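Q: Using only what follows, build the 3D model:
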Amino acid sequence: MQENHDNCLIDQRSTRLVLEHITNKWSILILTVLCTEPCRFNELRRRLDGITHKALADALKRLERNGLVHRQVLSTYPVSVEYTITPLAQSLQQPFVALANWAKEFGPAVAAAQAEYDRTHAEENKCASQVEA
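A: Numbering: from 1, shown residues only. The predicted model follows:
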């Protein structure tokens, strides 16, 4: 098992491009929302606080191109579009849940590390400014 793990980490050329497409902030959040239910564009936008219209449209196109999202035009008036995850994207649900659980569990530790880093570097910057003066 360890050998497979090591090979995965070493073989970055074959995984880098795929990981770039699925691990950016918006892609993960979009897929997480779609894991629970199909959504229309504006519903996705409301649920993803802070995403712009362009960023959502671009991310959905990228996810559709990569076979992770299915776009269906609904015959309603006015015409609307609904997005669902594909079976390929459903295979990401377990890793995404694990990542979300990790973030929930270790988020406070990350925040504490950031605060410590900022405090330490603020003191360093203060000392450097005093030396220059």
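Q: model confidence over stretch 56-66, on average?
A: Across stretch 56-66, the average pLDDT comes to 94.
Q: contact partners of it?
A: For stretch 56-66, the external contacting residues (C-beta atoms under 8 Å, 6 or more residues apart in numbering) are 18, 21-22, 24, 26-27, 30-31, 41, 44-45, 48, 51, 69-71, 83, 89. Using the backbone N, CA and C atoms, a C-beta is placed for each residue, glycine as well.
Q: rerun at 6 Å
A: For stretch 56-66, contacts defined as C-beta atoms under 6 Å, 6 or more residues apart in numbering pick out 21, 26-27, 30, 45, 69, 71.
Q: Residue 119: which of those is nearest?
A: Of all those, residue 26 has the smallest distance to residue 119: 31.1 Å, by C-beta to C-beta.
Q: What is the strand or helix carrying the closest one packed up against?
A: Per DSSP states H and E, residue 26 falls inside helix 25-36. Secondary-structure packing of helix 25-36 (3 or more C-beta pairs under 6 Å, 6 or more residues apart in numbering; DSSP states H and E): helix 53-65.
Q: Pull out the buried positions in the next helix or strand after the helix it packs on.
A: Per DSSP H and E, the first helix or strand lying C-terminal to helix 53-65 is strand 69-74. Neighbour-count burial for strand 69-74 flags 69-70 (criterion: 16 or more other C-beta atoms under 10 Å).
Q: Next, the angle from strand 69-74 to helix 25-36.
A: Interaxial angle, strand 69-74 versus helix 25-36 (axes from the mean of the first three to the mean of the last three C-alpha atoms, to 10 degrees): 60 degrees.
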